[in-house]
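**Q** With the sequence up front, the predicted model follows.
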Amino acid sequence: MGKKKQPTYRVVAADARAPRDGRFIEIVGTYNPRLEPSLIDIDKAKAVRWLREGAQPTERVRKLLDITGAWEAFESGTSVEDLEAQAAAEKAAAAEAEAPSEAATAGAE
């Protein structure tokens, strides 16, 4: 993905028989190395689910999983349901944190 000299990558689950840039089963996350610091957005629950089903990550994807904590969750045996609950709680907390700032902005107008 991306454009010339500005790459962005999708982390995907794909069949080993599929072409490198061909079909994939599911998008697990994205990686943008051009930002400082690099933007790594990987859905831990999806990553752990695919690892439990036998997916073999490439060396680079393994490093990205280490950075995001998905590999540690896989090795420690954390359940996919627990990871989904954590993600939902984090999303709710982020939405709640943004709501007061939006209300203050609306009141200032």
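**A** Now that the structure is in, tell me what you want to look at.

**Q** Please identify the buried residues of the biggest strand by length in the chain?
**A** The longest strand of the chain (DSSP state E) is strand 26-32. By neighbour count on 16 or more other CB atoms under 10 Å, the buried set for strand 26-32 is 28-31. All C-beta spots, glycine's among them, are computed from the backbone N, C-alpha and C.

**Q** now for that strand, which elements pack on it?
**A** strand 9-13, strand 39-42, helix 44-52, helix 59-68 (3 or more CB pairs under 8 Å, 6 or more residues apart in numbering; DSSP states H and E).

**Q** Okay, now the sheet partners of that strand, with direction.
**A** Using DSSP bridges, the strands paired with strand 26-32 are strand 9-13 (antiparallel), strand 39-42 (antiparallel).

**Q** Distance from it to the middle of the chain?
**A** Centroid separation for strand 26-32 versus its chain: 6 Å, with CA atoms, centre = their mean, to the nearest Å.

**Q** just the angle between it and helix 59-68, please?
**A** 80 degrees (axes from the mean of the first three to the mean of the last three CA atoms, to 10 degrees).

**Q** Residues touching strand 26-32, excluding its own?
**A** Contact with strand 26-32 is made by 1, 8-13, 38-43, 46-47, 50, 64, 68, as judged by CB atoms under 8 Å, 6 or more residues apart in numbering.

**Q** Next: stretch 69-80.
**A** 42, 44-45, 47-49, 51-52, 62, 65-66, 83.

**Q** Check stretch 8-22 too.
**A** 1-2, 23-34, 42, 46-47, 50, 55, 61, 64.

**Q** remind me which residues of this structure are low pLDDT?
**A** 20, 100-109 (pLDDT under 70).

**Q** ok, back up a step: deepest of the strands paired with strand 26-32, which one?
**A** Across the strands paired with strand 26-32, averaging neighbours per residue (mean count of other CB atoms under 10 Å) puts strand 9-13 on top, at a mean of 17.
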